[in-house]
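S.K.: just the structure for this:
(one chain, ligands or ions: 1)
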Amino acid sequence: MKLYNMNLSNFATKCRIAIYDKNAPVEIVGIPGNDLKSPEYLKINPLGKTPSLDADGLLIPESETINEYLEDKFPNPPLMPKSPEGRAKVRSFTRFHDLYLEPPLRALFPQMNPKTRDEKVVNEKLTELNARLDQLDKMLAESGFAMGAEFTLADCALAPTIFFAVNLLGMFGAKPPLEGRPKLAAWWSHVQTRPSVKKALGEMAEALAAMNRGSR
Ligand SMILES: N[C@@H](CCC(=O)N[C@@H](CS)C(=O)NCC(=O)O)C(=O)O
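M.R.: From the prediction side, this is the model:
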């Protein structure tokens, strides 16, 4: 099994966390042709996105589909609760992440350069993102991981995106994302103690530092 990966991608990091946590026998490989739109990679994954998983001949795109597949295939340690209610709650977090929390953050990426920045877009997206972060603060468990004592796919989805929020929002003059959000702040310190999260976020941090060195 192979994960087509980029260490800086928050979606690919979501899958690496699950792979590391389960110690799953998945080889982590780069993107063929070093480009998401290379003919070699488009032949493998017509979506031209990372991550995608080659599950011994079956190509699975979409980070959350990959993580649910890994959960089905390698159930130990479990990253989903057993009860239908618990599973629905984890999926509420992962859908919230993919559909509502991450898009306004992603929309800020093209606005990083202050010289070409559209301040209207920045203000709109920061307002939207702050509303989503407030919602997340309400959704998180009182302590521990997103669901409480158990580490789940919800934490895998949220940690890489919150990493970006913590590390990138300062450049837009935005208020720090953990400020005034006590549950989010407590969750963020706790989730980074999980070895799989620490390892994957470390790789993301290295990739971010390399990108910043390259753009100087
Ligand atoms: N919904 C997809 C999103 C994946 C995604 O957008 N990945 C980014 C990198 S973080 C990408 O491949 N961008 C290139 C593109 O969209 O063309 C998932 O969950 O896997």
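
S.K.: now do the buried residues in the least confident helix or strand in the chain by mean pLDDT.
M.R.: Least confident helix or strand of the chain, by mean pLDDT, DSSP states H and E, is helix 195-215 with a mean of 95. For helix 195-215, the neighbour count (16 or more other Cβ atoms under 10 Å) marks 196-197, 200-201, 203-204, 208 as buried. From N, CA and C alone the C-beta is placed, and that goes for glycine too.

S.K.: quick one: low-confidence parts of this protein?
M.R.: Within the chain, the segments meeting pLDDT under 70 span 216.

S.K.: residues from the chain in reach of the ligand?
M.R.: With Cβ under 6 Å from any ligand atom as the criterion, the chain meets the ligand at residues 9-11, 36, 48-51, 62-64, 98.

S.K.: out of the residues you listed, which are inside strands?
M.R.: Among the residues of the chain next to the ligand, none falls in strands (DSSP state E).

S.K.: of those residues - the most surrounded one?
M.R.: Tallying neighbours with other Cβ atoms under 10 Å puts Ser63 at the head of the residues of the chain next to the ligand, with 29 neighbours.

S.K.: hmm, back to that, which residues touch the least confident helix or strand of the chain?
M.R.: The contact list for helix 195-215 (Cβ atoms under 8 Å, 6 or more residues apart in numbering) reads 6-8, 10, 13, 16-18, 20-21, 155, 159-160, 163, 167, 191-192.

S.K.: now, of those residues, which are buried?
M.R.: Buried, going by 16+ other Cβ under 10 Å: 6-8, 10, 13, 16-18, 20-21, 155, 159-160, 163, 191, out of the contacts of helix 195-215.

S.K.: I appreciate the help and will end here.
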